[in-house]
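Participant: Here is a sequence together with a model predicted from it:
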Amino acid sequence: MTTDDLIARLTGELKPVSRLAVLWRVVIGLGISLLVSSAMMYFWLGMRPDMMTAAGTMMFWTKFAYTLILAVAGVWAVKRIAYPLGSIRVSLALMAATIVVMIVLAMAKLAMTPPDQHMAMMTGHTVAVCTRNIVMLSLPLLVGAFWVLRGLAPTRLTVAGAAAGLAAGAIASLVYSFHCDESAMPFIAVWYTLGILIPGLIGAIAGRFVLRW
Amino acid sequence: MNPVETRLKELMLASLDGDARSYGILLNDLARHLRFYFLRRLSDAHKGDADDLVQETLMSLHTRRATYETDRPFTAWLHAIARYKLIDHFRRNRIRATVPLDDAEDLFAVDQSDAAADRMDVERLLQSVPEKSRDLIYRTKIEGQSIAEVAQSTGLSEASVKVGIHRGIKAIAAKLKGRADDDR
């Protein structure tokens, strides 16, 4: 095909583009995968049985706020990196600051508790599965985030993959917080955070292969 | 602002609103710009890929045109896409951005400092030889004249030319030996 033929074809196919097209793609891609991830949590893990009473506790909302801020920063990162020359520095700074605040809060909590309870606060009763479950719940979201980016134009694929992974992990941890009844701050600071960083790593590694266009 | 940027951006904005005529003009313009861009960056062996890259870039521009943010420079956006396509092309074909070795000679200055140092050593040694011998050695060993030629031009017999050279070389040898002894 000659370049002239191609131009004729593309010109013939031209349709107006909405200014919100990129945002729409992010919302659709992550929205659908959020539904899949939530369904996975509901049918595979189940909602926490004490949901009603938990909703009245400070700890539930701390967890909620922590994962929500990270999720919003992650979604924003996916949108920013979808543009050529896009940068996720602002999102990364917000995520890092949020994680630091959480770690400080967790250490304050530990400092206020007798040392013999520290181990219990770190491990809770689900330490063996928490991070793994978050990573599992993040997989459909990772696929969704990759789908979003594959249709757009990220030019730094490893960074784009990392953004997709962090967003997937953060949203998954938000979903998981409706199942998980752990309520110790140090537990959240360690295992939830790990459950967000691992998908970030997976995304960064997979990005340069999966996201090519 | 740069007139090219202004013109292309106007065409792009119209294209995003669905104006096919502007889009046709834009793509034709860009095809020319892009061919130039790629040709300049491909080595001679890969210049044939320029047209493929132009088409790939135009196709990507088309399918990803929603990622152009209208408050930003159009040429920067286009350049980012073209650059991505070029790097992807290098990666896919395992091309390294190198210069063929034949062409690299120009890059290196020839180092003549060794030769200069040698010449200085020789001149210094010759200075230590009696003037008559020095001239003979210079003509035969450095300028490369034959004994007969030197004999003719100096009016000496060939035998005395040989003797003169021999004495001079002996003197140089003694000098070198002496220096070697000094170094010890």
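Facilitator: In hand now; what should we look at? Numbers count the residues shown, from 1 in each chain, chains lettered A, B, ... in the order given.
Participant: Contact partners for the closest residue to A:A8 other than its chain neighbours?
Facilitator: Excluding the flanking residues, the one nearest A:A8 by C-beta to C-beta, 6 or more residues apart in numbering or on different chains is B:G24, at 7.9 Å. In this view, the C-beta of every residue, glycine as well, is placed from N, C-alpha and C. Applying C-beta atoms under 8 Å, 6 or more residues apart in numbering or on different chains to B:G24 gives the contacts A:I7, A:A8, A:T11.
Participant: Helices of chain B, start to end?
Facilitator: For chain B, the helices defined by DSSP state H cover B:3-16, B:20-41, B:50-63, B:74-92, B:113-127, B:131-137, B:147-154, B:158-183.
Participant: got the angle for the fourth one vs helix B:50-63?
Facilitator: If I follow you right, that is helix B:74-92. 130 degrees (axes from the mean of the first three to the mean of the last three C-alpha atoms, to 10 degrees).
Participant: in chain A, which helix or strand is least confident?
Facilitator: Within chain A, no helix or strand scores below helix A:51-54, which has a mean of 86 by mean pLDDT, DSSP states H and E.
Participant: List the residues that contact A:F64.
Facilitator: Contacts of A:F64 were listed using C-beta under 8 Å, 6+ apart, and they are A:L174, A:S177.
Participant: What strand or helix carries it?
Facilitator: Of the helices and strands defined by DSSP states H and E, A:F64 is found in helix A:58-81.
Participant: tell me how far that helix is from the chain's mean position?
Facilitator: The chain centroid and the centroid of helix A:58-81 are separated by 8 Å under C-alpha atoms, centre = their mean, to the nearest Å.
Participant: Quick one: mean pLDDT for that helix?
Facilitator: Per-residue pLDDT over helix A:58-81 has a mean of 95.
Participant: Give me the pLDDT for the residue lying closest to B:H89 once chain neighbours are set aside.
Facilitator: Spatial nearest neighbour of B:H89, chain neighbours left out: B:L53 (5.9 Å); criterion: C-beta to C-beta, 6+ apart. pLDDT recorded at B:L53 is 95.
Participant: you'd agree B:R41 is up against B:R83?
Facilitator: No: the pair B:R41 / B:R83 is not scored as a contact, 9.1 Å apart, by C-beta atoms under 8 Å.
Participant: Near chain A, which residues of chain B are found?
Facilitator: Selection of chain B residues close to chain A by C-beta under 8 Å from any C-beta of the partner chain yields B:15-20, B:23-24, B:27-28, B:31, B:51, B:54-55, B:58-60, B:62-67, B:69-70, B:76-77, B:80-81, B:83-84, B:88.
Participant: Mark which of those are buried, thanks.
Facilitator: Using 16 or more other C-beta atoms under 10 Å in any protein chain shown as the burial test, those include B:15-16, B:19, B:23-24, B:27, B:31, B:51, B:54-55, B:58, B:60, B:62, B:64-67, B:77, B:80-81, B:83-84, B:88 as buried.
Participant: Just give the number of residues close to A:A160.
Facilitator: Using other C-beta atoms under 10 Å in any protein chain shown, A:A160 has 31 other residues around it.
Participant: Now it. Nearest residue, chain neighbours left out?
Facilitator: In space, A:A160 comes closest to A:P154 once its chain neighbours are excluded; the distance is 3.6 Å by C-beta to C-beta, 6+ apart.
Participant: for B:S146, same thing?
Facilitator: Leaving aside its chain neighbours, B:S146 sits nearest to B:T140 (7.5 Å; criterion: C-beta to C-beta, 6+ apart).
Participant: And for that neighbour, the neighbour number?
Facilitator: 19.
Participant: Could I get the contacting residues of it?
Facilitator: Applying C-beta under 8 Å, 6+ apart, we find B:T140 in contact with B:S146, B:I147, B:V150, B:V161, B:I165.
Participant: how is chain B carved up into domains?
Facilitator: Per automatic domain parsing, the domain ranges recorded for chain B read B:3-104, B:113-183.
Participant: If I average pLDDT within each of those domains, which one is lowest?
Facilitator: The weakest mean pLDDT among the domains of chain B belongs to domain B:113-183, with a mean of 79.
Participant: Can you give the distance from that one to the centre of its chain?
Facilitator: Computed by C-alpha atoms, centre = their mean, the chain-centroid distance of domain B:113-183 equals 40 Å.
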